[in-house]
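**Q** Please work out how this folds:
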Amino acid sequence: MADPWLIPDWPAPERVRACVTTRFGGISQAPFDTFNLGDHVDDLPRAVAHNRGRLVETWGCRPAWLRQVHGVRVVEADPAQVEEADASWSATPGVASAILTADCLPVLFCDRQATRVAAAHAGWRGLAAGVLENTLAALASAPEDVMAWLGPAIGPLAFEVGPEVREAFLAAHPQSAEAFRPSANPGRFMADLYQLARIRLRACGVTAVYGGGLCTFDDPRFYSYRRAARTGRFASLIWLAEAADA
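**A** This next block holds a predicted model:
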């Protein structure tokens with residue numbers, strides 16, 4: 001069986017733990033096979049519960065799931081609640097900020113002192129509206145102390161958008177034009193979510209940005225809504241280890 005976990009490759013402090021799940025290692029049946037963690041995609045609730053239980057058993061963290069709406073609200077991660085938000089932060093050891101995606105961009109954050117972590121769900125709407133900027137504000141750290149990791153998302157060769165998407169980004173950051181290329185379809189563009197995220201982070205003073213380059217549409221390890229509209233969701237999580245475990 002393929003490895004069910006992807007571990008971010010970035011120089012985060014030892015106390016910072018993170019992982020990205022894949023499609024492998026669960027009990028969900030097609031088209032959610034097999035490690036679907038989304039409880040809103042019509043998968044069997046018992047399958048989702050089993051998969052989430054295995055995640056907790058393997059990593060020993062307590063995920064704080066969100067009801068994601070492509071917005072910009074950021075909340076403190078709380079495993080006892082499912083809040084409507086698109087990012088969360090945690091300073092509590094063992095409590096994981098968790099994001100579910102299937103093409104949108106998951107962005108993980110930490111500070112260099114390993115006192116706080118965060119995770120953001122950055123589809124194009126949330127990205128353009130400022131979800132990364134709001135998440136950085138919640139970290140309450142100087143930009144030079146922040147590290148970010150860009151998780152698997154739909155890549156620039158697969159993400160076709162209309163002119164309104166390009167205009168939404170250019171309105172705030174004219175340099176975003178470099179993240180769009182003309183599509184083969186007249187009047188449309190191919191968008192690079194990774195580059196758009198880097199531009200937004202750089203504008204906030206964050207230059208320690210890692211990851212990027214894993215396309216969910218092309219990589220069968222991940223769920224992709226554009227590849228199959230009826231599909232599951234994989235998770236990107238980040239948390240602080242207990243001091244004794246670091």
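
**Q** any low-confidence regions in the protein?
**A** 1-2, 244-246 (pLDDT under 70).

**Q** Can you tell me which residue sits nearest the middle of it?
**A** Closest to where the C-alpha atoms of the chain average out (C-alpha atoms, centre = their mean) is Pro106, at 1.3 Å.

**Q** secondary structure element for the residue nearest to Arg233 when sequence neighbours are not counted?
**A** Spatially, and ignoring its direct neighbours in sequence, Arg233 is nearest to Gly38 (3.2 Å; C-beta to C-beta, 6 or more residues apart in numbering). Yep, even glycine has a C-beta here, placed from its N, CA and C like the rest. Counting by DSSP states H and E, no helix or strand carries Gly38.

**Q** tell me the SS of the residue nearest to the centre of the chain?
**A** Here Pro106 is recorded as strand under DSSP: H, G, I helix; E, B strand; the rest coil.

**Q** cool, Ala30 as well?
**A** Assignment for Ala30 (three-state DSSP): coil.

**Q** that older thread, can you verify my assumption that the residue nearest to the centre of the chain contacts Thr135?
**A** No. Using C-beta atoms under 8 Å, Pro106 is not in contact with Thr135; the gap is 11.4 Å.

**Q** and for the two, which residues touch both?
**A** Ala120 (C-beta atoms under 8 Å, 6 or more residues apart in numbering).

**Q** and the gap between the most far-flung residue of the chain relative to its centre and Pro163?
**A** Within the chain, Pro186 marks the point farthest from the mean C-alpha position, 30.6 Å out by C-alpha atoms, centre = their mean. Note on Pro186: its distance to Pro163, by C-beta to C-beta, to the nearest Å, is 11 Å.

**Q** And the next helix or strand past the lengthiest helix in the chain?
**A** If you go by DSSP state H, the chain has its longest helix at helix 45-59. Sequence order places strand 62-64 as the next helix or strand after helix 45-59, per DSSP H and E.

**Q** tell me how far that following strand is from the chain's mean position?
**A** 15 Å (C-alpha atoms, centre = their mean, to the nearest Å).

**Q** Repeat that for stretch 146-155.
**A** The answer for stretch 146-155 is 7 Å, by C-alpha atoms, centre = their mean.

**Q** And it, end to end?
**A** One end of stretch 146-155 sits 25 Å from the other (C-alpha to C-alpha, to the nearest Å).
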